[in-house]
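>>> Any chance you could fold what I've pasted below:
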Amino acid sequence: MPSLIDLRRRIRSVRNMQQITKAMKMVSAAKLRRAQERAVASRPYAGMLCRMLSHVAAASSGIDEAADLALLQVREEKRIQLIVVSSDTGLAGGFNSNLLRMAQRFADEHREAELKIEAIGRKGRDYFRKRNFTLSGEHVGIVDKPKYNDAAAIADRMIEAYRNAEVDAVYIATNEFKNVMAPRLELRKILPVELPEDQPEQQIDYIFEQPPHELLRVLLPRYVEMEIYRSMLESISAYHAARMTAMDSACSNAGDVIDTLTLKLNRARQANITREIIEIVSGAAALG
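As a prediction, the model looks like this:
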């Protein structure tokens, strides 16, 4: 049975750990509020961009120049680019492990294709580097405070590679912020851009200063940039939510451990007192 000193030392250690996890929970809660505001604020713009793209595509239907746009060309997926948006740090439960497991499953399903990984976040980079995946790029330190310029730079590289037929499809894997309790894993194709086949329910009669296919040529890269940027915003929001939940569970578990160790400490102390009383009584009886 552990001694009283060992038990007190363990209780003190667990209590210190509990204070650390509580502080980390509060930090993540504060960061979550700001990250969630940015993610939610980006959704209306992304939705409006998709609707505008849909309307312009409907106006461009039947135009040969629109059908020949490079970002709309569908090819056999022999060379695939996968963008994985993970985090730079851990301590967030299954946030990174679930994402990387999904990416690994995607890679296993496309063994016959040449797969390249664009790793956004240290956790994803380390995972794929250890498993000897081909990394087309790695970005560490940009996901904590996402900037549109960083997303645009990544999108420009993906667009250039697709235009030059270096890749046949570009997918992005990320955690989308759903609620505080659980993020939602997302794996979607961003290149080639898949335009809606059906006509919009309420077709807007735009007056185009430029031909519709020229506007479509400009909107398609903006759409790809926004998809990557929004994925980064959603990912950091989901990360802080997952980390806050994980730290809350750690605080509760530390409290349970402290209660158990305190009970053992009281029992050990009571046993020592009882033993000392028995020794005193026995000694008095022997002297009598």
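
>>> so where do the strands sit in this protein?
Applying DSSP state E to the chain gives strands spanning 79-85, 114-120, 134-139, 169-176, 184-191.

>>> Pull out the buried residues from stretch 118-136.
118-128, 133, 136 (16 or more other CB atoms under 10 Å). The way it works is simple: take the backbone N, C-alpha and C, and place the C-beta from them, glycine included.

>>> what do you get for stretch 154-167?
Neighbour-count burial for stretch 154-167 [16+ other CB under 10 Å]: Ile154, Ala155, Met158, Ile159, Ala161, Tyr162, Val167.

>>> hang on, the earlier thing: show me the one of the strands of the chain that comes nearest Glu209.
Distance to Glu209, taken as CB to CB, is lowest for strand 184-191 among the strands of the chain, at 27.6 Å.

>>> Just the C-alpha atoms of that closest one, please, in PDB.
What follows is strand 184-191, C-alpha atoms only, in PDB (Å, rounded to 0.1, in the frame of the first residue of the first chain):
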ATOM      1  CA  ARG A 184     -18.400  17.100 -38.600                       C
ATOM      2  CA  LEU A 185     -15.800  15.500 -40.900                       C
ATOM      3  CA  GLU A 186     -15.900  16.800 -44.400                       C
ATOM      4  CA  LEU A 187     -14.300  15.400 -47.600                       C
ATOM      5  CA  ARG A 188     -15.300  17.200 -50.800                       C
ATOM      6  CA  LYS A 189     -14.000  17.800 -54.200                       C
ATOM      7  CA  ILE A 190     -13.000  21.400 -55.100                       C
ATOM      8  CA  LEU A 191     -11.500  20.800 -58.500                       C
END
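
>>> Count the residues that sit near Leu91.
14 (other CB atoms under 10 Å).

>>> before we move on, what about the one 3 residues further on?
Neighbour count for Gly94, taken as other CB under 10 Å: 13.

>>> got it, and Leu72?
With neighbours defined by other CB under 10 Å, the count for Leu72 comes to 18.

>>> any idea how far it lies from Tyr162?
Separation of Leu72 from Tyr162 (CB to CB, to the nearest Å) stands at 10 Å.

>>> Which of the helices and strands in this protein ranks last by mean pLDDT?
Every helix and strand of the chain was ranked by mean pLDDT, DSSP states H and E. The lowest is helix 64-67, at a mean of 56.

>>> Would you check which pair of the buried residues of stretch 118-136 lies furthest apart?
Farthest apart among these - using CB to CB - are Lys123 and Ser136, which lie 17.5 Å from each other.

>>> For Leu261, which non-adjacent residue is spatially closest?
Distances taken as CB to CB, 6 or more residues apart in numbering place Ile11 nearest to Leu261, at 4.9 Å, with adjacent residues excluded.

>>> tilt between the longest helix anywhere in the chain and strand 169-176?
Secondary structure of the chain read by DSSP state H shows that its longest helix is helix 212-287. Helix 212-287 and strand 169-176 are oriented at 40 degrees to each other (axes from the mean of the first three to the mean of the last three CA atoms, to 10 degrees).
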